[in-house]
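Undergrad: the following block contains a protein sequence and its predicted model.
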Amino acid sequence: MRVLITGANGQLGRDLVAVLSTKHEVLATRRRSLLGDDDLPFPTLALDVTEPKEVQTTLHSFQPQVVINCAAYHRVDEIERDASQAFAVNALAVHRLALTCREVDAALVHISTDYVFDGAKRAPYVESDPPNPLSAYGASKLAGELLLRNTWHKHYIVRTCGLYGIAGASGKGGNFVNTMLRLAAEGKPIRVVNDQVCTPTFTHDLAQQIATLIETAAYGTYHITNDGACSWYEFACAIFELAGLKPTVQPISSAEYGAPARRPPYSVLQNAALQALGIDHMRHWREALAAYIALKHRQL
């Protein structure tokens, strides 16, 4: 199978390339080289998903059977002040990808987010629950979902949550786990919100699950996260426990933290559609985190 991956320089994109390259012909693409991107362990092709001609030329040339769209603009608080770039990348570019995938008859996998929900349910969200985003970022991702769903039936919309991977989070200064480890090393007091509950997800696990999903041709919307749930404060405490660290950690409220964009207070996703197919292989978040910490230690 020929698979094209956009945003391949990100933490999920890199894991997808590693997982899928063992079995499929993979074309990894990213925006033109940015400082710090030269450490990629695989070749990439420059592709800006907001440029329609580039998208059409690349897809028509490679003729993929599957396109996995990891390109995203996810600076959540900046987007609250100016959502134009978020909608260009997270919605309009998705529409263009969907149109071009339809032209070449390729399935499109689009990575979405738990932020499409408002958290009012206070129970794990299933794929059929109605979205109601609280932030401009969530609205831009939902717009991308709607445009894809109404443009091309060969699609997988994958909602996930709290991603962390060995490559770190490009454009965000590192993922949450790396940030916590860095703050602990600096010896500074750490404040983490305790009133937002979700399921942090290891990108390696997500990449393996996506690899399984695209073999099914069971198109539709899927929630894919590790199992279980925790607050961000509980997640931070688990990080330090597994890393053998004992920094000072203070739980605070979202109001005390004062982020410009509202986050859902409860955005745990249930992998109901995967379970219905009998292919839910996602382990508990603590087990995944332990594996990640072990990998980080081996890299030191």
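TA: Nice, I can see it. Residues are numbered from 1 along each chain as shown.

Undergrad: alpha carbons only for contacts and neighbour counts from here, please
TA: Noted.

Undergrad: just checking, what packs against the helix or strand where residue 142 lies?
TA: Per DSSP states H and E: residue 142 is located in helix 136-149. Judged by 3 or more CA pairs under 8 Å, 6 or more residues apart in numbering; DSSP states H and E, helix 136-149 is in contact with helix 76-81, helix 84-87, helix 93-104, strand 107-113, strand 155-160.

Undergrad: report the distance from stretch 120-135 to the chain centre.
TA: The chain centre lies 17 Å from the centre of stretch 120-135; the measure is CA atoms, centre = their mean, to the nearest Å.

Undergrad: end to end, how far does that stretch reach?
TA: 14 Å (CA to CA, to the nearest Å).

Undergrad: can you give the contact residues for that stretch?
TA: 76, 80, 115-118, 139, 142, 221-223, 261-273 (CA atoms under 8 Å, 6 or more residues apart in numbering).

Undergrad: let's see which of the residues you listed end up in helices.
TA: 76, 80, 139, 142, 272, 273 (DSSP state H).

Undergrad: measure residue 232 to residue 210 for me?
TA: For residue 232, the distance to residue 210 - CA to CA - is 25 Å.

Undergrad: then residue 62?
TA: In terms of CA to CA, residue 62 sits 21 Å off from residue 210.

Undergrad: and residue 164, by the same measure?
TA: In terms of CA to CA, residue 164 sits 16 Å off from residue 210.

Undergrad: so which of the helices and strands packed on helix 136-149 is nearest residue 70?
TA: Among these, strand 107-113 comes nearest to residue 70, with 6.0 Å by CA to CA.

Undergrad: mind listing what's buried in the closest one?
TA: Using 16 or more other CA atoms under 10 Å as the test for burial, strand 107-113 gives 107, 108, 109, 110, 111, 112, 113.

Undergrad: mind putting the ones in helices among the contacts of stretch 120-135 into JSON lines with distance to residue 187 and pLDDT?
TA: Shown next, in JSON lines, are the ones in helices among the contacts of stretch 120-135 (distance: CA to CA, whole Å; pLDDT from 0 to 100):
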{"residue": "76", "distance to residue 187": "27", "pLDDT": "94"}
{"residue": "80", "distance to residue 187": "31", "pLDDT": "95"}
{"residue": "139", "distance to residue 187": "37", "pLDDT": "98"}
{"residue": "142", "distance to residue 187": "39", "pLDDT": "98"}
{"residue": "272", "distance to residue 187": "41", "pLDDT": "98"}
{"residue": "273", "distance to residue 187": "43", "pLDDT": "98"}
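
Undergrad: what's the closest of those to residue 183?
TA: Once CA to CA is applied, the member of the ones in helices among the contacts of stretch 120-135 that ends up nearest residue 183 is residue 76, at 21.2 Å.

Undergrad: show the model's pLDDT score for the nearest residue to that closest one once chain neighbours are set aside.
TA: Spatial nearest neighbour of residue 76, excluding adjacent residues (CA to CA, 6 or more residues apart in numbering): residue 137 at 5.7 Å. Note on residue 137: pLDDT of 97.

Undergrad: tell me where the stretch 151-300 of the chain has strands.
TA: For the stretch 151-300 of the chain, applying DSSP state E, counting those that start in this stretch gives strands covering 155-160, 163-164, 190-193, 197-198, 201-202, 220-223, 230-231, 249-252.

Undergrad: any low-confidence regions in the stretch 151-300 of the chain?
TA: Scanning the stretch 151-300 of the chain for pLDDT under 70 picks out the ranges 168-173, 299-300.

Undergrad: repeat for the stretch 1-150 of the chain
TA: Ranges of the stretch 1-150 of the chain meeting pLDDT under 70: 33-38.

Undergrad: grab the nearest non-local neighbour of the residue of the chain most remote from its centre.
TA: Largest separation from the mean C-alpha position in the chain: residue 187, at 29.6 Å (CA atoms, centre = their mean). If the residues on either side of it in the chain are set aside, residue 187 comes closest to residue 247, at 6.8 Å by CA to CA, 6+ apart.

Undergrad: in contact with the one you found, which residues?
TA: Residue 247 is in contact with 184, 187, 188, 189, 190, 240, counting by CA under 8 Å, 6+ apart.
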